[in-house]
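*Asks:* sharing a model that was predicted from the sequence below.
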Amino acid sequence: MTGGLRDGRPFDVKQYLDLVRTVLEHGTRKPNRTGVDALSTFHVSYEVDLRQGFPLLTTKAMSWKNIVVENLWFLSGETHIGLLRKHGCKFWDPWADEQGRVPSAYGNFWRRFPVHGPEGRAAFNDQIRWVTDELKRTPMSRRLVVTAWAPGNAQTSDLPPCHLLFVLNVQLDERGEPMLCLHLTQRSADVALGVPYNIAGYALLLHLFSRFSGIPVGLFGHTLVDAHVYTSKPDGTMAEHDHVRGLKRQLEREPRPLPTLAIDSSIQSLDDLRPLLEVDTGPLLERFTLSGYDPHPPIAFKVAV
């Protein structure tokens, strides 16, 4: 299920390009909370083999810095966007309150999911810590689940989690050796803007969990419940939010070979990550070296808030 090969290397994320074609060809127009129409498709699933390369799109340039910074921020459990701003990552600016906090941030619930203690008192569960430890204790467990969907927050939030649940799972490869896989469930998927970053972000998370557990990376599975492409109104209004033209231009480009990722040997545990956000951007990115990334120029898409 990987893309085609060129000189033994896969090129681009074929599954993503197939997703784009599916939504453009078969999506149905429907309204949504943003006020911008979208071509929507129900239930798309695919998998990407991370052993073939790191799944960062080559048909348009993407910011590796933002992918690294955002996902380290998630894993830190922070809700304040100060660390993102320090590294010039602006993804969460529109959703922050006047104090610069995003209560619905994924890491908040990954690291402090609201639960009840033994006596019924309010408590918090660190899902990332538990999953990391459980991978070492019971690697074949089918219970390695992390959820960002806390109903008390999600049902009232301006931005409830889109990629709301992921599961780690160890499988055996063709030689009978263990490989670590990750499946992501996404309730809402902005195909042009969000999905490329979701693929790369969770691929990075899988590499990190692989490092923490000592189990080599395997497959990334992705299920999209509502995969959509924003488009202008039938009368041509809201053209500034139209993603169709940019995606068609992307499909016309010749895919290029996927890059490879090397994580610095100093990163061995979950606790090694949080201090990295405090260093300057250059030294931070030196810990996550992406080799062979040669993408086409970026394509601008305006976000529908």
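*Replies:* Thanks, I have it.

*Asks:* for His207, which three-state class applies?
*Replies:* When classified by DSSP: H, G, I helix; E, B strand; the rest coil, His207 comes out as helix.

*Asks:* list the residues that contact Asp173.
*Replies:* 179, 218 (CB atoms under 8 Å, 6 or more residues apart in numbering). Quick note: C-beta positions are derived from backbone N, CA and C, even for glycine.

*Asks:* and the pLDDT at it?
*Replies:* Asp173 is assigned a predicted lDDT (pLDDT) of 96.

*Asks:* distance-wise, check it relative to Lys86.
*Replies:* For Asp173, the distance to Lys86 (CB to CB, to the nearest Å) stands at 40 Å.

*Asks:* let me see the contact set for the nearest residue to Arg211 once chain neighbours are set aside.
*Replies:* Once flanking residues are discounted, Arg211 sits nearest to Ile263: 5.8 Å by CB to CB, 6 or more residues apart in numbering. Shown in contact with Ile263 (CB under 8 Å, 6+ apart): 207-208, 211, 287-289.

*Asks:* which of those residues are buried, as a ChimeraX select command?
*Replies:* Applied in ChimeraX, the following selects the buried portion of those according to 16 or more other CB atoms under 10 Å:
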select :207,208,211,287,288
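
*Asks:* which among the contacts of Ile263 gets closest to Arg51?
*Replies:* Checking the contacts of Ile263 against Arg51 with CB to CB, the nearest one is His207 at 11.3 Å.

*Asks:* now for that closest one: which residues touch it?
*Replies:* By CB under 8 Å, 6+ apart, the contact set of His207 is 50, 54, 217, 261, 263.

*Asks:* could you check how far it is from His228?
*Replies:* Distance from His207 to His228, counting by CB to CB: 28 Å.

*Asks:* can you check Trp130 too?
*Replies:* 33 Å.

*Asks:* more crowded one of the two?
*Replies:* His228 (28 against 15; other CB atoms under 10 Å).

*Asks:* would you mind writing the CA trace of the host helix or strand of the more buried one as CSV?
*Replies:* Using DSSP states H and E, His228 sits within strand 217-230. Taking Å, rounded to 0.1, in the frame of the first residue of the first chain, the C-alpha atoms of strand 217-230 are listed here in CSV:
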residue,chain,number,x,y,z
VAL,A,217,8.4,1.3,13.5
GLY,A,218,5.8,-0.4,11.3
LEU,A,219,2.5,0.8,9.9
PHE,A,220,0.5,4.0,10.4
GLY,A,221,-3.2,3.5,10.0
HIS,A,222,-5.6,6.4,9.5
THR,A,223,-9.4,6.4,9.6
LEU,A,224,-11.2,9.7,8.5
VAL,A,225,-14.9,9.9,9.4
ASP,A,226,-15.6,13.1,7.6
ALA,A,227,-12.9,13.9,5.0
HIS,A,228,-13.6,17.2,3.4
VAL,A,229,-12.3,19.9,1.0
TYR,A,230,-13.4,23.4,1.4
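
*Asks:* give the pairing partners of that strand; include direction for each.
*Replies:* Strand 217-230 has the following strand partners under DSSP bridges: strand 38-49 (antiparallel), strand 178-190 (parallel).

*Asks:* spatially nearest residue to Leu56 (excluding sequence neighbours)?
*Replies:* Spatial nearest neighbour of Leu56, excluding adjacent residues (CB to CB, 6+ apart): Ala200 at 4.9 Å.

*Asks:* list the buried residues for the one helix or strand that neighbour maps to?
*Replies:* Taking DSSP H and E as the definition, Ala200 sits inside helix 194-213. Neighbour-count burial for helix 194-213, counted by 16+ other CB under 10 Å, picks out 194-213.
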